[in-house]
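>>> model the structure of this input:
(4 chains, ligands or ions: 4)
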There are 2 protein chains.
Amino acid sequence: MHQKYEFKMIHSFKIHSLIHYKMHLSPTEENYLKAIFKLTEEAEKASATTNAIAAEMSIAAASVTDMLRRLSEKELIHYEKYKGVHLKASGRKIATALVRKHRLWEYFLVEKLKFGWDEVHDIAEELEHVRSDELVNRLDEYLGKPNFDPHGDPIPRADGTIPTRQLTPLSALKVGESGILTGLQNHPDSLMRYLRKINIGIGTKIQVLELHDFDESMSVKINDEKEMELSEKVSKSLLLKIT
Amino acid sequence: MHQKYEFKMIHSFKIHSLIHYKMHLSPTEENYLKAIFKLTEEAEKASATTNAIAAEMSIAAASVTDMLRRLSEKELIHYEKYKGVHLKASGRKIATALVRKHRLWEYFLVEKLKFGWDEVHDIAEELEHVRSDELVNRLDEYLGKPNFDPHGDPIPRADGTIPTRQLTPLSALKVGESGILTGLQNHPDSLMRYLRKINIGIGTKIQVLELHDFDESMSVKINDEKEMELSEKVSKSLLLKIT
DNA sequence: AAATATTTTTAGATTAACCTAAAAATAATA
DNA sequence: TATTATTTTTAGGTTAATCTAAAAATATTT
Ligand SMILES: [Mn+2]
Ligand SMILES: [Mn+2]
Ligand SMILES: [Mn+2]
Ligand SMILES: [Mn+2]
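Ligands and ions are numbered 1, 2, ... in the order given. Next up, the predicted model:
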């Protein structure tokens, strides 16, 4: 609305000293930074390609090129044509703040509004763009400053640091070993709905009873009670804290 | 993003039967409907003028004309050039749903996150555009289905009806009469901050002690304790439920 | 009723964020 | 290394939502 004028005004006399004071980006720009964050920092890759970003965001590669040029002009990313892209400190700050908001809202939706963990992602995609530092801080406080979201993903703290843990895929456990489900390798809705149906969630205790080398599936004991079979695909997706 | 294609597709074969099924508007379009709602239904006027809408939204009149044509094409408003505008049933439904969301979020921000009543409007302006019926319903439930927001304004119910009450401006009271502050005629931040400073809010009991006809100010007793002077402007802004 | 003022609309531009198709650069393969 | 395939960028276009300036319609005042 008036971002345009503000920018022109700043631009006209002194771009570099003021531009960083309170950069305010569109939801779209924020989403690009988040995608780059996911493809580099969270995936522990040095840089993200144009095509990877396009795929992540479900848009055309040409649109990505366009936006990379603009984010680069705003000093938010390192970008050299044909060479891929990664975040500068200023871009990382915005991306982690966005991830923080996303995961705090997911926590709110599950813990307070009693949504299922498979129902909250899309809503949080919208809530994360609501712009108010005070709001995030009060929400964080209200929720008891949680460190992990309903999917077990770390919630970046206000200072930008990100909580970590040592997790092991269920598929790596030997017969007799056990752990508490603490995270997921990836979170397709289909997996989350399946786990909800068979009563497995964050906090569930899982013990390996038997390994079937024919299809790499396993028999497990859930919460020291029920026994069931889990496929290789599932056991590779479940990340446990070993007990 | 793909709204465009969806629309074109629908448009190409059967506009009138399908277009209403699940109309999904941009935040901007929603804001126009809300402005029209405020200027007509809430102000009990038959129609809103182009200039009034422009002023309400702080944009140029030419932009309004443009949008009115589009909203009219979508069958959301009645619009005849030069004749002003009012909502059709479909537009009113969207507008009241938006107001409902706005006021529920304001209630959440004040009651749960402990924001001051003068701090929540701008944040709610953003939150109201988050699109999820399930979210509004659960939020409503979580908050205990409140009927009025932190400013005393009615929260439209899920069915579109709007709670009402009989309120009287403090300025209309005679010496000795009293009431409970229940709403405001209008809500500039300056008024809300002032009232917060002098410890008057929704629920405060106010009794008229003396009327000063020189400047139409009055002496009042607050919550049967403190005495203070209120200007004409303030006494006209405070709406009471008579006790 | 004519003249003047105000309101509203039209005309023509701009910007962000997308698109497709074609060109250019880089990577993989023969 | 030359050819082919893939990736990325450029070129040119579209749409929504804004703007300013000018024209047209409506309302008010002489
Ligand atoms: Mn998510
Ligand atoms: Mn999550
Ligand atoms: Mn408000
Ligand atoms: Mn309010």
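
>>> who are the packing partners of the helix or strand harbouring A:Val234?
Using DSSP states H and E, A:Val234 sits in helix A:232-237. When contacts are defined as 3 or more Cβ pairs under 8 Å, 6 or more residues apart in numbering or on different chains; DSSP states H and E, helix A:232-237 packs onto strand A:168-169, helix A:189-197, strand A:217-222. All C-beta atoms are positioned from the backbone trio N, CA, C, and that covers glycine.

>>> going on from that helix, what's the next piece of helix or strand?
According to DSSP H and E, the helix or strand after helix A:232-237 is strand A:238-242.

>>> what angle do that next one and strand A:217-222 make?
Orientation check (axes from the mean of the first three to the mean of the last three Cα atoms, to 10 degrees): strand A:238-242 against strand A:217-222 gives 50 degrees.

>>> so what strands line up beside strand A:238-242?
strand A:168-169 (antiparallel), strand A:178-184 (antiparallel) (DSSP bridges).

>>> closest to B:Trp105 out of those strands?
Between B:Trp105 and the strands paired with strand A:238-242, the shortest separation by Cβ to Cβ is 30.4 Å, and it involves strand A:178-184.

>>> can you give the distance of the closest one from its chain's centre?
Chain-centre distance of strand A:178-184: 18 Å, with Cα atoms, centre = their mean, to the nearest Å.

>>> any idea how many residues pack against A:Lys226?
When neighbours are defined as other Cβ atoms under 10 Å in any protein chain shown, A:Lys226 has 11 of them.

>>> from A:Lys205, how far out is the nearest residue in space to it that is not next to it in sequence?
Excluding the flanking residues, the one nearest A:Lys226 by Cβ to Cβ, 6 or more residues apart in numbering or on different chains is A:Asn199, at 7.7 Å. Counting by Cβ to Cβ, to the nearest Å, the gap from A:Asn199 to A:Lys205 is 12 Å.

>>> neighbour count winner among those two?
Using other Cβ under 10 Å as the criterion, A:Asn199 and A:Lys205 rank with A:Lys205 on top: 17 against 12.

>>> still on that earlier bit, same list (the helices and strands packed on helix A:232-237) but as CSV, adding mean pLDDT.
Shown next, in CSV, are those (pLDDT from 0 to 100):
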stretch, mean pLDDT
strand A:168-169, 98
helix A:189-197, 97
strand A:217-222, 98
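
>>> how about stretch A:96-112, does it reach chain B?
Yes - Stretch A:96-112 reaches chain B (Cβ under 8 Å from any Cβ of the partner chain) through A:109, A:112.

>>> find the residues that touch each one of A:Asn199 and A:Lys205.
Residues touching both A:Asn199 and A:Lys205 (Cβ atoms under 8 Å, 6 or more residues apart in numbering or on different chains): A:Ile222.

>>> pull the longest helix from chain A.
helix A:89-111 (DSSP state H).

>>> make CSV out of the helices and strands packed on helix A:232-237 and add mean neighbour count.
Output for the helices and strands packed on helix A:232-237, formatted as CSV (neighbours: other Cβ atoms under 10 Å in any protein chain shown):
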stretch, mean neighbour count
strand A:168-169, 15
helix A:189-197, 14
strand A:217-222, 18
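
>>> of the ones you listed, give the one that comes closest to ligand 2.
helix A:189-197 (10.0 Å; Cβ to the ion).

>>> please tell me how far that closest one is from the chain's geometric centre.
Mean C-alpha position of helix A:189-197 versus that of the full chain (Cα atoms, centre = their mean) differs by 18 Å.

>>> if I look at the residue lying closest to A:Ser63 once chain neighbours are set aside, how far off is DNA strand C?
In this structure, A:Ser63 finds its nearest non-sequential neighbour in A:Ala54, 7.3 Å apart by Cβ to Cβ, 6+ apart. A:Ala54 sits 8 Å away from DNA strand C, taking Cβ to the nearest atom of the strand, to the nearest Å as the criterion.

>>> quick one: residues contacting A:Glu128.
A:30, A:98-99, A:101-102, A:105.

>>> give the contact list for the residue nearest to the spatial centre of chain A.
Centroid-nearest residue in chain A: A:Val99, 6.0 Å away (criterion: Cα atoms, centre = their mean). A:Val99 sits next to A:34, A:37, A:128, A:155-156 when contact means Cβ under 8 Å, 6+ apart.

>>> could you do A:Asp118 as well?
With contact set as Cβ under 8 Å, 6+ apart, A:Asp118 has these partners: A:189, A:192-193, A:196.

>>> same deal with A:Ala61?
A:50-51, A:54.

>>> burial of A:Thr182, as a residue count?
The burial count for A:Thr182: 19, using other Cβ under 10 Å.

>>> roughly how far does the residue lying closest to A:Glu232 once chain neighbours are set aside sit from B:Glu106?
Counting by Cβ to Cβ, 6+ apart, A:Glu232 lies nearest to A:Glu216, which is 3.8 Å off, once chain neighbours are set aside. As judged by Cβ to Cβ, A:Glu216 and B:Glu106 stand 53 Å apart.

>>> again with A:Glu232
As for A:Glu232, its distance to B:Glu106 is 50 Å (criterion: Cβ to Cβ).

>>> between these two, tell me which one has more neighbours.
Neighbours per residue, other Cβ under 10 Å: of A:Glu232 and B:Glu106, the larger number sits with B:Glu106, 26 against 13.

>>> go ahead and confirm that one touches B:Gly116.
No - assessed by Cβ atoms under 8 Å, B:Glu106 is found out of contact with B:Gly116, at 11.3 Å.

>>> below-threshold pLDDT in chain A: ranges please.
A:1-21 (pLDDT under 70).

>>> and the helices in it?
Under DSSP H, chain A gives helices at A:3-13, A:15-18, A:27-37, A:50-57, A:61-73, A:89-111, A:121-127, A:133-142, A:189-197, A:232-237.

>>> please report how far A:Lys233 lies from A:Thr204.
Distance from A:Lys233 to A:Thr204, by Cβ to Cβ: 18 Å.

>>> settle it for me: which of the two has more neighbours?
Comparing A:Lys233 with A:Thr204 by other Cβ under 10 Å, the one with more neighbours is A:Thr204, at 17 against 11.
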